[in-house]
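Peer 1: Dropping a prediction and its sequence here:
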Amino acid sequence: MDCHIKITPGIVQDYLSSTMANSIEGAHCADCHGNSHKTMEDYNLVDMPTAETCGECHEERLAEYRKGKHDLAWFAMKTQPAWHKIPDALSKEGYRGCSGCHKIGRKGYQGVLEGNMGALTHDKGLEEEQYHYGNAQCDACHTRHKFSRAEAKDPRACSNCHMGFDHPQWEMFTSSKHGIIWGIEDEDNNGRAPTCQKCHMNRGRHDVGTSWGFLGLRIPTKENVLAIIDAYGAVKESAPYELLAFNHMSVPELVDNLKNLADKLPSGNFDGVDDNPLWVLHRAKYLIAAGVLSGKDLQPTPVFTAAVVQGKFARGPDEFNELRMQMKRTCNQCHAKDYVQSHFDASDKVIRAADAVYAKAFDAVFTLYRHGKLEKPKNWTIGPNILEYYWARSSVEQELYLIFLEHRQRAFQGAFHASNDYAHWYGWAPLNTAVNEILEGSMQLCEDHAQCKADIQLIMDGYTDIVQNKKY
Ligand code: HEC
Ligand code: HEC
Ligand code: HEC
Ligand code: HEC
Ligand code: HEC
Ligand code: HEC
Ligand code: HEC
């Protein structure tokens, strides 16, 4: 401290204002940074703390944390093919892009990329060693060196990450009545209106996670898949434009693949969420375009293992229902049961409606690939490939990516967070604009190909039918 009060006075002052500095059993510089560094010359001997360091004294919080989604943030980021092509300054040690937010996750989890097809394992510190800074995780909300509880309880503590393009929860919260009351009354977690923490870290629990997650996805159940066979399995002509994505195969031709898929899925029921087979088919389309299900035989791919199983991008029925129940219990502290139920019903239906129109955009782009109007770049495994993000080569695929990460996200996240402008004008509205642009652009690309034109026309008619007759 004698030394650092001169060279980094801010750090020492922050530390001295912390509970830990002022508690008898609290932590001192050496508890977190080790005893080896004592002079100006030997600073390279210093230990930089990890969450394990905090866990030496806060065992319970660490254990909770390891169960929640924040812990998986670094791993989740690395499952994205795009991440591997971004300049290191934006993706890795520069901490100026993906990694700047995702360092809230633990480094060193090993999954499919490391050849591990089972449950995640941990490399015991190897990856952390490659990064001198940014391994502490807990400092995402309790910033150094004050490590304050009050700071972490303020919703602004979440806002550097939960904002912007694909997850504007901060903007949605502050434009909802909840956020507005919080802003006016400037109250803490016990206020009249809930904060992020009240809804997502109730009673200080450190294992965050929601039912639908970031992408508004669920793991389809055995029953979901078998219901497709029941509904369409006997229909020879099949529901025509629904199936363009599946290489024009009709459900009867897909029965064996669907049965195989059903065998691999959990059984159960998503409480209160309508799961008609059409919705399941719609969701399957972007699972194919994200490489999660194989377009050839509808079976789960290694991306499924990495993202869904190891990275927990989507939840099965048990976990979904449990998280939903916990969330409703929080709402019920201030609202009537029925009021809360109607809010969730409406928000779930926003996802279903978004998927119904989004599916049309996929049908169109799949059709362009099928008729050779778009060509799969050599290094892509599939086309369209929404995980290629902004590297997609055509304007229709750029739109498809924007729907995937921006418009659809805002529509349903805005609904859940009771932000009307986000749900409609920043979500649903640009989503439909983008679908229309994709359909128009696809028609132009098909100009000289009669079958392609006819297929796109069919999809356009389907879209019109949905919109005119509210078949969401
Ligand atoms: C409760 C644990 C804890 C204590 C106590 C602690 N630190 Fe830190 N320190 C951290 C964490 C966490 C980081 C950030 C590590 C990272 O980026 O990976 C850090 C980073 C630093 C850094 C480098 C980052 C920067 O902003 O320049 C310095 C220097 C530092 N600490 C000095 C001190 C000094 C001096 C003390 C005692 C007055 C002290 N620390 C006490 C946890 C602690
Ligand atoms: C050597 C033990 C030790 C270590 C290591 C340690 N803490 Fe603490 N921490 C304490 C003690 C003791 C308290 C005070 C408990 C009390 O008074 O209720 C405390 C309090 C806290 C609080 C509550 C502060 C408040 O405003 O009330 C937070 C948050 C916290 N620690 C976070 C961390 C983080 C993050 C790390 C790792 C960077 C860490 N601690 C490492 C012992 C430790
Ligand atoms: C340093 C950046 C950062 C901060 C600060 C941060 N988060 Fe997160 N949060 C993330 C990332 C990254 C993920 C995605 C992790 C994943 O899915 O693997 C995430 C995921 C979540 C999830 C899970 C969503 C799902 O998929 O179900 C919730 C809930 C959440 N955060 C709430 C909060 C709250 C509340 C705060 C503030 C108290 C907060 N976060 C602070 C980066 C952050
Ligand atoms: C501004 C901070 C920020 C940046 C920059 C950022 N992310 Fe995220 N990311 C988050 C947050 C916060 C979440 C969780 C959002 C939610 O659940 O709604 C998240 C979620 C994710 C998820 C979803 C995990 C899941 O469980 O569904 C992946 C994958 C991901 N990010 C990858 C990336 C990649 C790759 C980049 C860079 C190309 C990136 N992120 C840039 C903050 C960020
Ligand atoms: C996403 C933000 C966030 C992250 C990351 C986070 N915390 Fe917290 N932490 C909170 C919030 C919010 C509270 C206040 C809970 C309350 O009082 O209701 C809190 C409270 C605490 C407290 C004091 C109260 C108590 O329950 O003992 C400790 C200690 C603590 N956290 C330790 C940790 C440790 C250790 C880590 C890393 C494993 C961590 N926190 C990571 C948000 C966070
Ligand atoms: C009134 C309670 C409430 C408040 C306040 C709240 N959320 Fe949420 N949040 C929800 C609900 C409900 C969901 C959807 C849960 C589900 O999937 O069933 C959700 C979902 C999320 C998700 C997953 C993706 C999404 O947006 O659907 C993240 C991440 C998240 N919230 C973060 C935050 C952050 C950060 C804040 C504060 C800026 C915040 N939330 C404020 C209730 C709340
Ligand atoms: C701590 C108390 C509290 C909790 C918890 C809470 N709310 Fe609220 N909520 C309020 C208050 C206060 C208002 C403002 C009432 C009004 O509009 O007159 C409000 C308003 C609303 C509104 C109306 C928004 C509008 O624009 O008119 C909705 C919808 C809502 N809450 C849903 C929820 C849901 C869903 C949850 C749980 C995920 C929840 N609330 C949790 C206190 C709470």
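Peer 2: Alright, I've got the coordinates. Ligands and ions are numbered 1, 2, ... in the order given.
Peer 1: can you pull out the helices in the stretch 1-150 of the chain?
Peer 2: For the stretch 1-150 of the chain, the helices defined by DSSP state H, counting those that start in this stretch cover 4-7, 9-16, 29-33, 51-55, 59-67, 73-78, 88-91, 98-102, 126-130, 149-153.
Peer 1: which of the ones you listed sits most buried?
Peer 2: Greatest average neighbour count among the helices of the stretch 1-150 of the chain goes to helix 73-78 (a mean of 22), per mean count of other C-beta atoms under 10 Å. From N, CA and C alone the C-beta is placed, and that goes for glycine too.
Peer 1: Would you mind saying which of the helices of the stretch 1-150 of the chain lies nearest Ile351?
Peer 2: Nearest of those to Ile351, taken as C-beta to C-beta: helix 73-78 at 20.3 Å.
Peer 1: Now do the closest one, average pLDDT.
Peer 2: For helix 73-78, mean pLDDT is 97.
Peer 1: Going by proximity to ligand 5, name the top residue of the stretch 301-450 of the chain.
Peer 2: Among all residues of the stretch 301-450 of the chain, Thr330 sits closest to ligand 5, at 12.6 Å; criterion: C-beta to the nearest ligand atom.
Peer 1: burial measure for that residue, as a count.
Peer 2: A count of nearby residues for Thr330, using other C-beta atoms under 10 Å, gives 16.
Peer 1: same check, this time on Tyr401
Peer 2: For Tyr401, the count of nearby residues is 20 (other C-beta under 10 Å).
Peer 1: Which elements pack onto the lowest-mean-pLDDT helix or strand in the chain?
Peer 2: One helix or strand of the chain scores below all others by mean pLDDT, DSSP states H and E: helix 251-263, with a mean of 87. Applying 3 or more C-beta pairs under 8 Å, 6 or more residues apart in numbering; DSSP states H and E, one finds that helix 251-263 contacts helix 222-232.
Peer 1: Now do the buried residues in the helix it packs on.
Peer 2: Within helix 222-232, the residues scored as buried using 16 or more other C-beta atoms under 10 Å are Lys222, Glu223, Asn224, Val225, Leu226, Ala227, Ile228, Ile229, Ala231, Tyr232.
Peer 1: Can you tell me how far the residue in the stretch 351-472 of the chain that ligand 4 sits nearest to is from Asn135?
Peer 2: Using C-beta to the nearest ligand atom, the single residue of the stretch 351-472 of the chain nearest to ligand 4 is Gln413, 6.3 Å away. With the distance defined as C-beta to C-beta, to the nearest Å, Gln413 ends up 29 Å from Asn135.
Peer 1: thinking again about what came up before, can you verify my assumption that the residue of the stretch 351-472 of the chain closest to ligand 4 contacts Met172?
Peer 2: Yes. Contact criterion C-beta atoms under 8 Å: Gln413 and Met172 qualify, at 6.3 Å.
Peer 1: what's the overlap in contacts for these two?
Peer 2: Tyr422 (C-beta atoms under 8 Å, 6 or more residues apart in numbering).
Peer 1: if we can go back for a sec, got the angle for the host helix or strand of the residue of the stretch 301-450 of the chain closest to ligand 5 vs helix 222-232?
Peer 2: Using DSSP states H and E, the element containing Thr330 is helix 317-332. With axes from the mean of the first three to the mean of the last three C-alpha atoms, to 10 degrees defining the directions, helix 317-332 sits at 100 degrees from helix 222-232.
Peer 1: Can you give me the buried ones in helix 317-332?
Peer 2: Result for helix 317-332 [16+ other C-beta under 10 Å]: buried residues Pro317, Glu319, Phe320, Asn321, Leu323, Arg324, Met327, Lys328, Thr330, Cys331.
Peer 1: Name the nearest of the residues you listed relative to Gly26.
Peer 2: Thr330 (32.0 Å).
Peer 1: quick one: contacts for the closest one?
Peer 2: So Thr330 contacts Pro194, Lys198, Cys199, Asn202 (C-beta under 8 Å, 6+ apart).
Peer 1: and it, what pLDDT?
Peer 2: 97.
Peer 1: Equivalent analysis for Ala245, please.
Peer 2: 53.
Peer 1: just Leu298 next, same as before
Peer 2: 88.
Peer 1: Give me the number of neighbouring residues for it.
Peer 2: Count around Leu298 with other C-beta under 10 Å applied: 19.
Peer 1: measure it to ligand 5 for me?
Peer 2: 37 Å (C-beta to the nearest ligand atom, to the nearest Å).
Peer 1: That residue contacts Leu258, correct?
Peer 2: Yes. With contact defined as C-beta under 8 Å, Leu298 and Leu258 form a contacting pair (6.5 Å).
Peer 1: So between Gln413 and Asn135, which is more surrounded?
Peer 2: Legend: neighbour count by other C-beta under 10 Å for Gln413 and Asn135, higher for Gln413 (27 against 23).
Peer 1: Okay, and that one sits in which element?
Peer 2: helix 408-416.
Peer 1: For Ser99, give me its contacts.
Peer 2: Counting by C-beta under 8 Å, 6+ apart, the residues that Ser99 touches are Trp74, Met77, Leu90, Ser91, Lys92, Glu93, Gly134.
Peer 1: And the closest residue to Asp263 other than its chain neighbours, how far from Asn260?
Peer 2: Distances taken as C-beta to C-beta, 6 or more residues apart in numbering place Lys222 nearest to Asp263, at 7.6 Å, with adjacent residues excluded. Distance, Lys222 to Asn260, by C-beta to C-beta: 11 Å.
Peer 1: tell me the contacts of the nearest residue to Ala227 once chain neighbours are set aside?
Peer 2: Nearest residue to Ala227 in three dimensions, chain neighbours excluded: Pro277, at 4.6 Å (C-beta to C-beta, 6+ apart). For Pro277, the contact set (C-beta under 8 Å, 6+ apart) comprises Asn224, Ala227, Ile228, Asp230, Ala231, Tyr232.
Peer 1: what about 6 Å?
Peer 2: Ala227, Ile228, Ala231 (C-beta atoms under 6 Å, 6 or more residues apart in numbering).
Peer 1: Over to Ser176?
Peer 2: His417, Ala418, Ser419.
Peer 1: which helix in the protein runs the most residues?
Peer 2: Using DSSP state H, we find that the single longest helix of the chain is helix 337-370.
Peer 1: Let me know whether that helix sits next to ligand 3.
Peer 2: No. Judged by C-beta under 6 Å from any ligand atom, helix 337-370 stays clear of ligand 3, getting no closer than 13.8 Å.
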